[in-house]
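Show me how the following folds:
(2 chains)
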Amino acid sequence: MRTNLRTAGVALRAMLVLTVVLGLGYPLVVTAAGQLAFPEQANGSPVVVDGETVGSELLGQSFTDDSGGPLPEYFQPRPSAAGNGYDGGASSGSNLGPENADLIAAIEERRAQVAQFNGVGVDEIPADAVTASASGLDPHISPEYAELQVERIAAARGLEPGSLQDLVAANVQSPDLGYLGEPTVNVLRLNVALDEMSE
Amino acid sequence: MSALPAILQVATLVLILTVLYRPLGDYLFRVYASRRHLLVERGFYRLIGVDPHAEQTWQAYLRALLWFSGVGVLLVYLLQRLQPVLPYSLGLPPVSEHLSFNTAVSFVTNTNWQSYSPELTLGYTVQLVGLTVQNVVSAAVGIAVAVALVRGLARRRSGTIGNFWVDLTRGTARVMLPLSVVAAIVLLAGGVIQNLDGFTQVTTLSGGSQVIPGGPVASQEAVKLLGTNGGGFFNANSAHPFENPGGWVNLFEIVLMLAIPFALPRTFGRMVGSDKQGYTVLAVMGTLYLASVAILSAVERAGWGTAPELAGAAMEGKEQRFGVFGSTLFGATSTLTSTGAVNSMHDSYTAIGGMVPMLNMMLGEVAPGGVGAGLYGLLVLAVLAVFVAGLLVGRTPEYLGKKIGPREIKLASLYILVMPILVLGGTALSFAIPGVREDVTTTSIWNPGNHGLSEVLYAFTSAANNNGSAFAGLTANTPWMNTALAVAMLLGRFVPIALVLALAGSFAAQDRVPATAGTLPTHRPQFAGLLLGVTVVVTALTFFPVLTLGPLAEGLL
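From the prediction side, this is the model:
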């Protein structure tokens, strides 16, 4: 009994000291390092347009009208299961299984919608356009999905499709070292560039 | 799409781990074998009132470990219950009793199962003062137990197996903390956030509004992976771009999960005085690891199943920047270690693909397993393999000069039995108890049919193995799930640890039997093959029936 009491006392003191060092000291040191050495990254890689922060380069966002419909003049991101779509306070995937009827119906509906919206055949639609990401905040789409949206945006904005294709090509990001990850297009960055081009 | 990028990624990973093996393993050896105490360590020992030179019996070692962990559970529980009065709580209410209990147990046992959505539940104080602390110390505890077992194998006629407080302190001060600081700074450079800003509202490019979360993420992310913890700062875990921005960072995070578990065989070899013994253990871990990565990646790329085939690829629940392979490499790594972090949603994997993470955990997480836990798990299997070989050829079972007698084999057998009992028992009870069954099928299960059974099976597999990943559609924040999973985590962590320490004590007390012509060599490919076989067969026989009801039925029917 006395041994147990003694051990409990040691355990409690150890936990309290370690809590101060690891729970306060460690994160504050890293916070200081981040704010001094990598302020951009530490504060969420903000994207600034005309002096206003419009989002984060790392987080996808919606390009929809007031009723939630996709805006034809912007590149559209992937479907999102975070809140009502790209909710930065509620990251989440759909967690629907491969045989779940709700998922199958959702993919059917998205295929029809993307095909009709962009005036293309359903067979041309890449997988990322009709599937929800893991985080619900995926900032990227595949280069194929970006290219597929060019005609629609050109028509909506009265731009040359050729210049838009060049814009997409310039915004395709290759994997690090050529093989770490997949080729991507950052939707927010691309749309910022698109707005600049249209001005 | 060719398989070349995937092969190059694995090759890079293997190269990095190969380069790390000796220096990191040797460093760990020196940390735990050294007789010197750092100045800060001496101060710490004085402060908490222990004599660092006093050796402990296995019982005393276990008692210290249990008290330390018990205090941890209590502290994390209280912090959550008192959340509203703590600073930086973002206006969040206190966490419910059963969820607080589940989360406290989860982080102390190195499981990091999360029944809750962090950004909606926990403020910064609980995350830092409660969870980050346990991320570090639960990892240090895991390594300590492995080191104590190896000491037992290395010592002769000794009544003691080391000092828990010294092993805990060194694991924290010389291993986890410095490596975490370095890893966190690398993650910061890669885009992981670290601030105390809370949620910021912005007007988006098209005039909508979006909240941008903040938080001390990099410090948590680093130790979450290095200590094979896995509890995400955000609900989406390492799929969240603020936790894992992609590209090289994804591979770096995978390296963090594997670095210590794959280096510990080297430490083991050094401690028992034979590098070859370390290579044997490494060979078994490495073979299982590569096989699992290859199978999971091939299955997910094939993309069988109605939804993936309709979409054109198994991209539901996967991020574009990782693609299929960046997701499966991470998912396999996370479930073969005891991490349980995810950068893709395992619930949305193809049916057979979703079975692979389950199998990885059912192997007992020994390829390479959690920090410390992987090594002691595989050494217990080695004891069993030696015994099986002894039965087959009529040789006296010995491992590293220690006799495997009735006491040792009983302890090893009990160790092997604990996890399957918790997994199968917990799953069965969830469907068998009237009242609970209705709750589980209507509230907890998210996907209908066989997949729903898989969600519950996955949850108990994850809890009993202290993994922490999930088929995350499952609503686990119910009184039954929170309590049952917490019990599975507690027993799945501390019963095996008690058995391992008892085994360590029993080995330490023995003299070393000299090797003779009749001794089975345990450093040759033949033994590695046997050990691999025993590991796979034990798992397959135990879990095949239940897998036929879940993922196999879903995938094959």
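
Only the C-alpha atoms, please, for stretch B:247-256, written as CSV.
Presented in CSV, the C-alpha positions along stretch B:247-256 are these (Å, rounded to 0.1, in the frame of the first residue of the first chain):
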residue,chain,number,x,y,z
GLY,B,247,3.8,16.3,-52.5
TRP,B,248,7.0,15.5,-50.6
VAL,B,249,5.3,16.2,-47.3
ASN,B,250,3.2,13.1,-47.7
LEU,B,251,6.3,10.9,-48.1
PHE,B,252,7.9,12.7,-45.2
GLU,B,253,5.0,11.9,-43.0
ILE,B,254,5.2,8.3,-44.0
VAL,B,255,8.9,8.2,-43.0
LEU,B,256,8.0,9.7,-39.6
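
List the buried residues in that stretch.
B:G247, B:W248, B:V249, B:N250, B:L251, B:F252, B:E253, B:I254, B:V255, B:L256 (16 or more other CB atoms under 10 Å in any protein chain shown). Bear in mind the C-beta positions are built from the backbone N, C-alpha and C, glycine included.

which ones are touching B:L38?
Applying CB atoms under 8 Å, 6 or more residues apart in numbering or on different chains, we find B:L38 in contact with B:A173, B:R174.

Angles on the backbone of it, please.
Backbone torsions for B:L38, taken as degrees, to the nearest 10, come to phi -70, psi 160.

can you check A:V48 too?
phi -110, psi 130.

now A:L159
phi -110, psi 160.

my read: it touches A:D195, true?
No - assessed by CB atoms under 8 Å, A:L159 is found out of contact with A:D195, at 11.5 Å.

can you give me the helices in the stretch 351-500 of chain B?
B:351-362, B:373-393, B:406-432, B:436-439, B:450-464, B:479-509 (DSSP state H, counting those that start in this stretch).

Mean neighbour count added to those helices, as a markdown table?
Shown next, in a markdown table, are these (neighbours: other CB atoms under 10 Å in any protein chain shown):
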| stretch | mean neighbour count |
| --- | --- |
| helix B:351-362 | 26 |
| helix B:373-393 | 23 |
| helix B:406-432 | 18 |
| helix B:436-439 | 15 |
| helix B:450-464 | 27 |
| helix B:479-509 | 23 |
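
need those helices in TSV with distance to B:L24 and mean pLDDT, can you?
Shown next, in TSV, are the helices of the stretch 351-500 of chain B (distance: least, CB to CB, whole Å; pLDDT from 0 to 100):
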stretch	distance to B:L24	mean pLDDT
helix B:351-362	23	97
helix B:373-393	13	95
helix B:406-432	27	97
helix B:436-439	45	96
helix B:450-464	27	97
helix B:479-509	22	98
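
how does chain A divide into domains?
Residue ranges for each domain of chain A read A:1-43, A:46-198, as given by automatic domain parsing.

With respect to burial, which of those scores highest?
Neighbour counts (mean count of other CB atoms under 10 Å in any protein chain shown) averaged over each of those peak at domain A:46-198, with a mean of 20.

so how far is the first residue of it from its last?
Using CA to CA, to the nearest Å, the end-to-end distance of domain A:46-198 comes to 22 Å.

so which of the helices of the stretch 351-500 of chain B gets nearest chain A?
Closest of these to chain A is helix B:450-464, at 4.1 Å (criterion: CB to the nearest CB).
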